[in-house]
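J.: I need the structure of the sequence given here:
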Amino acid sequence: MSTTDLEKKAAAYAAVDAYVKAPPQDSSEPLYIGIGSGSTIVHAVARLVERCQNEKLDIVCVPTSFQAKQVSLSCVFLS
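T.: Model prediction:
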């Protein structure tokens with residue numbers, strides 16, 4: 001992985017960790033997250049998948065483009 005890719009991965013992981021919080025325990029609603037497009041989104045979706053698996057988060061991703069939908073689907077099926 002190139003230095004640029006490592007930096008993108010670090011930025012994506014930091015953003016997900018900073019902004020994606022578990023909902024209150026009394027909430028029955030999932031957390032809705034918009035998934036944009038761009039080269040960093042691959043890393044952000046991978047981190048979301050990790051967090052969902054490790055923390056049992058109930059997250060619904062809403063893709064903003066066909067590309068974002070494809071990335072989201074591929075990460076879910078590969079993990």
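J.: And the helices in the chain, which stretches?
T.: Secondary structure of the chain (DSSP state H): helices at 3-19, 41-55, 66-78.
J.: Now stretch 34-48: average pLDDT?
T.: Taken as a whole, stretch 34-48 has a mean pLDDT of 89.
J.: any residues touching it, and which ones?
T.: Stretch 34-48 is contacted by residues 8-9, 11-13, 15-17, 20, 33, 59, 61-65, 67-69, 71-72, 75, 79 when judged by Cβ atoms under 8 Å, 6 or more residues apart in numbering. The way it works is simple: take the backbone N, C-alpha and C, and place the C-beta from them, glycine included.
J.: tell me the most buried of the helices of the chain?
T.: helix 41-55 (a mean of 18; mean count of other Cβ atoms under 10 Å).
J.: Could you check the angle that one makes with helix 3-19?
T.: Counting by axes from the mean of the first three to the mean of the last three Cα atoms, to 10 degrees, helix 41-55 lies at 40 degrees to helix 3-19.
J.: Off-centre distance for helix 41-55?
T.: 5 Å (Cα atoms, centre = their mean, to the nearest Å).
J.: where does the residue of the chain positioned farthest from its centre land on pLDDT?
T.: Each residue of the chain has a distance to the centre, and by Cα atoms, centre = their mean the biggest one is for residue 26: 23.2 Å. Turning to residue 26, the model gives it a pLDDT of 77.
J.: From residue 4, how far out is it?
T.: 43 Å (Cβ to Cβ, to the nearest Å).
J.: gap between residue 71 and residue 38?
T.: Look at residue 71 and residue 38: by Cβ to Cβ, they are 10 Å apart.
J.: ok, residue 60 - contacts?
T.: 30, 31, 32, 33.
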